[in-house]
Every structure is written in C-alpha cells, then in structure tokens.
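Participant: The following block contains a protein sequence and its predicted model.
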Amino acid sequence: MEQSLNYQPGLPEPAAAKTSGIKRYLTLLLRSRTATFGFIVIVALLLIAVFQSQFATHDPTAQSIRVRLTPPAWMEGGDPQYLLGTDQLGRDIFSRLIYGIRISLLVGVAGVAISCLIGSTLGLIAGYFGGWVDTVIMRLVDVFLAFPFLLLAITFSVTLGSSLRNIIIVLGITGWASYARLVRGQTLSIREQEYIQASFTIGSNDFHNIVRHILPNLVTPIIIYSSLEIGVYIIAEASLTFLGMGVPPSIATWGNMLATGRDYLSNAWWLATFPGIAIVITVLAFNFVGDWLRDVLDPKTTYDI
C-alpha cells in the first residue's frame, strides 16, 4: 500500500501495481460469464489459427469424388474420418473450418487496423486543429457514411478485384469514417479540458499536447470500438466472399464454404450450417469481450472487488 501511495505520475509504474491491475481485470473477467466465454473462444481461435496444421485432419484442398457429400460422422452413412462430413468435391469440412479461422481473424484484425490508422489520424487532425481542415475531413466522412458499409465495400471490391490482400484493403478503406467521427468527438472534448489549456499557456507545442495528452486519452475508446468492429469485418468478409467478390474460391474460408453450400441446403445441410455456426460464435465472442471492455474501461463505471 505504501509503495502505491508514493507512486507519482510520469514515473515507471511499480511491478506490484501492474500485478495488482492484472489481477483486478482477471477478477472482473471471471465475474462476467459472457466475457469469459468470449475470451476463451478468442484464445482458442488464436491457438488454432497458429497451429492449424496440427488441428486439421486432412488437406483442406484435397478432393475425392468418391467421398463427396459424406454426412457428419454421427449420422447414418457418415465416416469417422470426416467428423463434420465432406462437401460436393469431397473436401473435409472440419479441416476447411480450421483453415478458415486464420483467414477470418487476419481479415478482421488487419482490416480494423487499417481503418483505425486512417480514421484515427484524420479524426485527430480534424478535432484538434478545427477550422477548414475539420470541415473538409468531416464532409469526406459524411460522404462515406452516406453509403451502406457493405455496398461501399462491394464497389471497392469490384474495382480492385478478388484477392485476400485486396479484401483487407477494401474493408480498411471502407470503415475508416466511423473511427474518424469517434476520434474527432473525443478530441474536441479532451482539447477543452483545463489541463490542455494550461499546457498551451506554458508554451507547449501542438505535437507535445497531442502525444502527451490527447493520444493517451484516445486509447480506451479506440480499443473498445475496435474490439466490436472485428466481428463486423469478419461478417463483411464472409458476405463479400459469399457474393463472389471477396477471397478467391481456391482459398478455404468460411465465406466460400457458405457460397458453395447454398446449392445443397436440401440434401447436404452441413456444408453451410457449420461455417455459419463458426461465424456466429466468433462474432459473438468478440462482441462479448467488446461489451466487457466498454464496461470495465469506462471511467464512469466503478467495481468493487
């Protein structure tokens, strides 16, 4: 207790304080069943994505017409070698689900990172400097927000073409406007605080104020919003791929599995059902964790531990 009382802002945080902070957040996480579920799912997905070759039972692109449309192992006619059955080309559904995890997480995280970088930079500039700079940037934001997210993504996707790199770029340049509006609003509020005005009076320049005072206060809302947006980007990638404008069919993704399974819903429901469930669980996990982060990191919210 004495060590924490002697701690002063600007000095390195004591190791005991860091440990106590981690323990506090872990306790708060375990108190929320939905957040715990989401956290476990996300960690499991990350581990599977990293070691996907160890989890997959077959080559996701290997075809065998002899075993095409084999039902899941627990159904009549199922094969224990194919736990979740096979698709119309005899490819293992389970292995394709495993390999699709890395693509979905990559697209979601990378797309959000690009949107965050572009939108946060422009929003910070608009909110801090104001004037004609603010007007120009916010009118550009209004133009982007005037179009539905998916429609705008389809437009860019048709222009750039279908590839994994392009779909990440498309989602990144499509969703930046929401970040710009969020960061601009936060920056306008922070800039009017008394300590910012005091910093101006003692001669601090704009760079110092932005780095030392504005950016640290923007980290929390950006993290919260980004955690919620990852699920949105995963759905957007699956939607674009389903429409044939996303990741090429040769790559095993959940969107491609949905696209190929729509023609077999009546006689091979497992082709589209399992990737659909995977998308739902993944998006819910990120939303649960995002909601928990919003509650925990909100300075107006207090918790008794």
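Facilitator: Received it, and whenever you're ready, just let me know what you need.
Participant: show me where the stretch 1-150 of the chain has helices.
Facilitator: Along the stretch 1-150 of the chain, the segments classed as helices by DSSP state H, counting those that start in this stretch run 2-5, 15-31, 33-50, 52-55, 93-129, 131-145, 149-160.
Participant: Which of those helices sits closest to Phe207?
Facilitator: Within these, the stretch nearest Phe207 is helix 93-129; the backing value is 10.6 Å (Cβ to Cβ). All C-beta atoms are positioned from the backbone trio N, CA, C, and that covers glycine.
Participant: quick one: buried residues of that closest one?
Facilitator: By neighbour count on 16 or more other Cβ atoms under 10 Å, the buried set for helix 93-129 is 93-105, 107-108, 110-112, 114-116, 118-120, 122-128.
Participant: rewinding a little: figure out which of the helices of the stretch 1-150 of the chain is closest to Ser226.
Facilitator: Using Cβ to Cβ as the measure, helix 93-129 is the one of the helices of the stretch 1-150 of the chain that comes nearest Ser226, at 5.2 Å.
Participant: Leaving out sequence neighbours, find the closest residue to the one residue sitting closest to the centre of the chain.
Facilitator: Ranked by distance to the mean C-alpha position of the chain (Cα atoms, centre = their mean), the top residue is Ile230 at 1.6 Å. Nearest non-adjacent residue to Ile230, counting by Cβ to Cβ, 6 or more residues apart in numbering: Gly108, 4.3 Å away.
Participant: can I get the helices of the stretch 1-150 of the chain in CSV with mean pLDDT and distance to Ile277?
Facilitator: Output for the helices of the stretch 1-150 of the chain, formatted as CSV (pLDDT from 0 to 100; distance: least, Cβ to Cβ, whole Å):
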stretch, mean pLDDT, distance to Ile277
helix 2-5, 40, 46
helix 15-31, 71, 25
helix 33-50, 94, 12
helix 52-55, 92, 17
helix 93-129, 93, 9
helix 131-145, 93, 32
helix 149-160, 85, 22
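Participant: Turn the ones you listed into CSV, including distance to Ala62.
Facilitator: Written out in CSV, the entries for these read as follows (distance: least, Cβ to Cβ, whole Å):
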stretch, distance to Ala62
helix 2-5, 58
helix 15-31, 40
helix 33-50, 19
helix 52-55, 13
helix 93-129, 8
helix 131-145, 42
helix 149-160, 29
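Participant: nearest to Thr201, of those helices?
Facilitator: Nearest to Thr201 among those is helix 93-129; the distance by Cβ to Cβ comes to 17.1 Å.
Participant: neighbours around Val296, how many?
Facilitator: Val296: 17 surrounding residues under other Cβ atoms under 10 Å.
Participant: no no, Ile202
Facilitator: Once other Cβ under 10 Å is used to define contacts, Ile202 is seen to have 6 neighbours.
Participant: confidence score at it?
Facilitator: Predicted confidence (pLDDT) for Ile202: 75.
Participant: For the remainder of this discussion, apply numbering that starts at 61.
Facilitator: Understood, numbering begins at 61; the last thing we discussed is Ile262.
Participant: And it, how far from Asn269?
Facilitator: Taking Cβ to Cβ, to the nearest Å as the measure, Ile262 and Asn269 are separated by 11 Å.
Participant: and if you look at Ala237?
Facilitator: The span separating Ala237 from Asn269 equals 25 Å under the rule Cβ to Cβ.
Participant: Val172 and Gly179, how far apart?
Facilitator: Distance of Val172 to Gly179, computed by Cβ to Cβ: 10 Å.
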